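S.K.: Give me a 3D structure for the following:
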Amino acid sequence: MRKAVLLHLICVLLGVFLVNGEDPYKYYTWTVTYGTISPLGVPQQVILINGQFPGPALEVVTNDNIILNLINKLDQPFLLTWNGIKQRKNSWQDGVLGTNCPIPPNSNYTYKFQTKDQIGTFTYFPSTLFHKAAGGFGAINVYERPRIPIPFPDPAGDFTLLVGDWYKTSHKTLQQTLDSGKPLPFPDGVLINGQTSSSFSGDQGKTYMFRISNVGLSTSINFRIQGHTMKLVEVEGSHTLQNTYDSLDVHVGQSIAVLVTLDQLPKDYYIVASTRFTKQILTATAVLHYTELSHPSFWACACWSYLSNTLVYEASQNLQVELDSKCSQTQPSGLIPLWKDNTIKDHYVGELSTSTKWEAALCC
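M.R.: The predicted model follows:
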């Protein structure tokens, strides 16, 4: 009898100490304002969240409860949607017209939702009044809980890349264009994390996850990393067959995750995002930097200024030109062969201004 009572007491105590009533809560306060920045070299009004463009990333874990107080300081009603979050029995938190009323100016609303049974790469963005054309978007990265298996080894780190077309025209003017029955004009550029150039660093031999989302308005994006292959492992929370690609198309609103092993010589390599299925090709670049490099990367090279005028793209081609890592020079060291055509004739940097067919990357 005494043993039975003792066993019952132990079970009660274990229940008290081991059972947590709810999943973790995470609290946020975001303030939405206008700001002036120059992502394409021209000052323009954008939408900032807590002063950031793009907005802050939500870095959460499966089953986290998100409590997010949004304060609208714009001159228009504002509403965020959580793209890809399932909102089970919780549709009134989805942030679209019909389930949510927009937040009036100088007012606030508290979103309450859970990343229930989800792991993966998602985004949030404004869902009304064409605010997305001015910013207000950001990443949602949902990580697995401890002991929940995923079908690939844990990467050494991960990088978030919010890629998309961008307009210099204000969102209000673009909305008026659409409301008048006219189509959107062609974009003015492509941005990666709100910039036309950025850098990501990693160690040779390690594998990193790149979370890529198309946050643009109208244009599919082709994404590739010079000299590296990408293993596709996830699309918006669904793990995929793990095929390897030289380049991948990411369509508007889509998010993917790829694994990239830094298995090349320690250099700086171009990350390239180009518009897809368009007659005119727009390109943005970033740099994959190997931390083993002891000298300055080619960002300091004078020839870097040529890049925006020399990167051209044909959809059927992938980036294959190696960069010379000896970037301690301050001037380009002569003409650099970029490719050979069918006549085995060398093509050089000086000829790029007339080329509309080939893709090339350049360093000193």
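
S.K.: Helices of the protein, start to end?
M.R.: Applying DSSP state H to the chain gives helices spanning 2-18, 171-179, 307-310.

S.K.: mean pLDDT lowest for which of those?
M.R.: Ranked by mean pLDDT, the helices of the chain bottom out at helix 307-310, with a mean of 36.

S.K.: Model confidence score at H347, please.
M.R.: What the model reports as pLDDT for H347 is 32.

S.K.: same question, G21
M.R.: Reported pLDDT for G21: 60.

S.K.: and if you look at P146?
M.R.: So, for P146, pLDDT stands at 88.

S.K.: Next, it: phi, psi?
M.R.: Torsion angles at P146 (phi, psi; degrees, to the nearest 10) stand at phi -60, psi 140.

S.K.: That one: what's it in contact with?
M.R.: Shown in contact with P146 (CB atoms under 8 Å, 6 or more residues apart in numbering): no residues. All C-beta spots, glycine's among them, are computed from the backbone N, C-alpha and C.

S.K.: can we see that at 10 Å?
M.R.: V61 (CB atoms under 10 Å, 6 or more residues apart in numbering).

S.K.: Count the residues that sit near the residue lying closest to H251 once chain neighbours are set aside.
M.R.: Using CB to CB, 6 or more residues apart in numbering and skipping residues adjacent in sequence, the residue nearest H251 is S220, 4.7 Å away. Applying other CB atoms under 10 Å, we find 17 residues neighbouring S220.

S.K.: Next: the one 3 residues further on.
M.R.: The criterion is other CB under 10 Å. On that basis, F223 has 23 neighbouring residues.

S.K.: How much space separates it from L161?
M.R.: Using CB to CB, to the nearest Å, we find F223 at a distance of 8 Å from L161.

S.K.: Okay, buried residues for the lengthiest strand in the chain please.
M.R.: Identified as the longest strand of the chain according to DSSP state E is strand 25-37. Residues of strand 25-37 classed as buried: 30, 32 (neighbour count, 16 or more other CB atoms under 10 Å).

S.K.: Give me the packing partners of that strand, helices and strands only.
M.R.: Contacts defined by 3 or more CB pairs under 10 Å, 6 or more residues apart in numbering; DSSP states H and E place strand 25-37 against strand 44-49, strand 58-61, strand 65-72, strand 107-114.

S.K.: and among the ones you listed, the most buried is which?
M.R.: Most buried of the helices and strands packed on strand 25-37 by mean neighbour count (mean count of other CB atoms under 10 Å) is strand 44-49; its value is a mean of 20.

S.K.: Pretty sure the residue nearest to H251 sits against L282.
M.R.: No. At 11.7 Å, S220 and L282 do not qualify as touching, with contact defined as CB atoms under 10 Å.

S.K.: shared neighbours of those two, which are they?
M.R.: Taking CB under 10 Å, 6+ apart as the contact rule, S220 and L282 both touch 165, 274-275.
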